[in-house]
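> What follows is a protein structure lacking sequence information:
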């Protein structure tokens, strides 16, 4: 009797506003899942306005990317990068100065195909703001990234309500804790969000160093406070997914459309 093939565990990285470190957390989480857990991971950058995943890796995304795959101008397989130092797969954003307003049918078709790819985890870095209702059913989990200032935290609480409306598993990631003396404390955060699961990623200079060097912080120092927190987050998602890594279906061909480029702790209060 054949066993049912395990589908990829799909995580949507969301934030109510920009500038909270969503893409940085998404990239380093993908790396931690790849290196520590040996999962096959695909990171999809759907934030065309910033396209910061490629930027943080020092990769110039000048070929077909998310927008072309979304609209059918390119096959999805032709838009993938392999970040070869760690064999992490990327589907980069297509840089654009204008906001991308995708059609619902394009979103449905794209995410339906994404969900059939043979990966253990697919992490989607979404644009800031509420994600489209049409794609909600494709995700197993939503990671809501916020900073601990009141404006960002209150906006993220609304995002959590939006996830509950669509019956989506979700957890809060409080990024850059300790950056300001005006940060909300743990008790205030728990009061604001109730019993939602949340993870803390502390302020750490290694992140700033990584951005300057265009090298993910996790690859610079895996023992940093930031990396330890990302490790804990990766373990939490690995436990939720369950099971071991899938085996590659086949070696991908090096066709012209597919090319490779080289490119903490918890509350201390």
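Thanks, I have the structure now. Bear in mind that the values here come from a model prediction, so they are computed numbers and not experimental data. Numbers count the residues shown, from 1 in each chain.
> give the contact list for residue 9.
120-122, 140-141, 237, 240-241 (Cβ atoms under 8 Å, 6 or more residues apart in numbering). For glycine as for every other residue, the C-beta is placed from the backbone atoms N, C-alpha and C.
> Next up, the contacts around residue 70.
Contact analysis of residue 70 by Cβ under 8 Å, 6+ apart lists 102, 106-107, 110.
> now the strands for the stretch 51-200 of the chain?
For the stretch 51-200 of the chain, applying DSSP state E, counting those that start in this stretch gives strands covering 81-83, 88-91, 121-125, 141-146, 170-177, 198-202.
> can you list those in a markdown table and add mean neighbour count and mean pLDDT?
Shown next, in a markdown table, are the strands of the stretch 51-200 of the chain (neighbours: other Cβ atoms under 10 Å; pLDDT from 0 to 100):
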| stretch | mean neighbour count | mean pLDDT |
| --- | --- | --- |
| strand 81-83 | 21 | 88 |
| strand 88-91 | 23 | 96 |
| strand 121-125 | 26 | 98 |
| strand 141-146 | 26 | 96 |
| strand 170-177 | 24 | 90 |
| strand 198-202 | 22 | 88 |
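> and of these, who's closest to residue 59?
Ranking these by proximity to residue 59 (Cβ to Cβ) places strand 81-83 first, at 6.8 Å.
> circling back: nearest to residue 49 among the contacts of residue 9?
Using Cβ to Cβ, the contacts of residue 9 come closest to residue 49 at residue 122, 21.2 Å.
> what's across from that closest one in the sheet?
residue 10, residue 42 (DSSP bridges).
> thought it was touching residue 13?
No. Contact between residue 122 and residue 13 fails when scored by Cβ atoms under 8 Å: they sit 11.1 Å apart.
> Can you list the low-confidence ranges for the stretch 101-250 of the chain?
186, 195, 246-250 (pLDDT under 70).
> quick one, helices of the stretch 51-200 of the chain?
52-57, 66-71, 104-114, 150-165, 186-193 (DSSP state H, counting those that start in this stretch).
> okay, those in JSON lines with distance to residue 205 next?
Putting these into JSON lines (distance: least, Cβ to Cβ, whole Å) gives the following:
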{"stretch": "helix 52-57", "distance to residue 205": "16"}
{"stretch": "helix 66-71", "distance to residue 205": "31"}
{"stretch": "helix 104-114", "distance to residue 205": "35"}
{"stretch": "helix 150-165", "distance to residue 205": "21"}
{"stretch": "helix 186-193", "distance to residue 205": "23"}
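> Need the winner for burial among those helices.
helix 52-57 (a mean of 22; mean count of other Cβ atoms under 10 Å).
> re the thing from before, pull the most distant pair out of the contacts of residue 70.
Taking Cβ to Cβ, no two of the contacts of residue 70 sit farther apart than 102 and 110, at 8.1 Å.
> so can I have CSV of the strands of the stretch 51-200 of the chain showing distance to residue 46?
Formatted as CSV, the strands of the stretch 51-200 of the chain follow (distance: least, Cβ to Cβ, whole Å):
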stretch, distance to residue 46
strand 81-83, 15
strand 88-91, 9
strand 121-125, 6
strand 141-146, 14
strand 170-177, 18
strand 198-202, 21
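> so which of those gets nearest residue 26?
The minimum distance between residue 26 and the strands of the stretch 51-200 of the chain falls on strand 121-125, with 4.4 Å, by Cβ to Cβ.
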